[in-house]
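Engineer: Got a predicted model here, sequence first, then my questions.
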Amino acid sequence: MPKKTTSKPPLKMDALGQAAECLKALAHPVRLRMVQLLLHGRYTVGEIADDCGIAENLASEHLRLMQRCGFFTSERDGRRVYYAVAEPHLEDIMACIESRFLTEAGK
């Protein structure tokens, strides 16, 4: 079998370490659901918590973690705080996950 060639140079270990940390942050079903939801618009903590079926304080913890990784942003509008996707590559990551596991869900 011919070896696959790529024009991109391999990442350095420190960059791979950062990537691993970000992937660890995504490695939770609730956080993946939050990404799915926020890819379709901006939502408050309460709306996100309701959609995920978890308490607001737990949703806030997940959202803070995702913000620290640079995945989400928050914006205050009066008394409400809205969250949105900040990392455009999340759409590609979720498309990969959905294409891989959508067929698994139907089995």
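Structural biologist: Looks like it arrived, so ask away. Numbering: from 1, shown residues only.

Engineer: Now do the contacts for the residue nearest the centre of the chain.
Structural biologist: The structure's the chain has its C-alpha centroid closest to Val35; by Cα atoms, centre = their mean the separation is 4.2 Å. Under the criterion of Cβ atoms under 8 Å, 6 or more residues apart in numbering, the neighbours of Val35 are Leu26, Met66, Phe71, Val85, Leu90, Ile93, Met94. Quick note: C-beta positions are derived from backbone N, CA and C, even for glycine.

Engineer: Out of those, give me the one that has the most neighbours.
Structural biologist: Met66 (25 neighbours; other Cβ atoms under 10 Å).

Engineer: and it, what helix or strand is that in?
Structural biologist: Per DSSP states H and E, Met66 falls inside helix 56-68.

Engineer: Next secondary structure element downstream of that helix?
Structural biologist: strand 72-77.

Engineer: CA atoms of that following strand as CSV?
Structural biologist: What follows is strand 72-77, C-alpha atoms only, in CSV (Å, rounded to 0.1, in the frame of the first residue of the first chain):
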residue,chain,number,x,y,z
PHE,A,72,-16.7,29.4,23.9
THR,A,73,-17.2,33.1,24.5
SER,A,74,-19.7,34.7,26.8
GLU,A,75,-21.5,38.1,26.3
ARG,A,76,-23.6,39.9,28.8
ASP,A,77,-26.9,41.3,27.6
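
Engineer: And Met1, what's its pLDDT?
Structural biologist: Looking at Met1, its pLDDT reads 56.

Engineer: for this protein, what spans make up the helices?
Structural biologist: Ranges of helices in the chain, per DSSP state H, are 13-26, 29-38, 45-52, 56-68, 90-105.

Engineer: For Gly78, find the nearest of the ones you listed.
Structural biologist: Smallest distance to Gly78 across those (Cβ to Cβ): 14.1 Å, for helix 45-52.

Engineer: who touches that closest one?
Structural biologist: 30, 33-34, 37-38, 43, 55-56, 58-60, 63, 81, 83.

Engineer: Please export the C-alpha coordinates of that helix as CSV.
Structural biologist: This file holds the C-alpha atoms of helix 45-52, laid out as CSV (Å, rounded to 0.1, in the frame of the first residue of the first chain):
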residue,chain,number,x,y,z
VAL,A,45,-26.7,28.9,31.0
GLY,A,46,-30.3,28.0,31.9
GLU,A,47,-31.2,27.1,28.3
ILE,A,48,-28.0,25.0,27.9
ALA,A,49,-28.7,23.3,31.3
ASP,A,50,-32.2,22.5,30.2
ASP,A,51,-31.2,21.1,26.9
CYS,A,52,-28.4,18.9,28.5
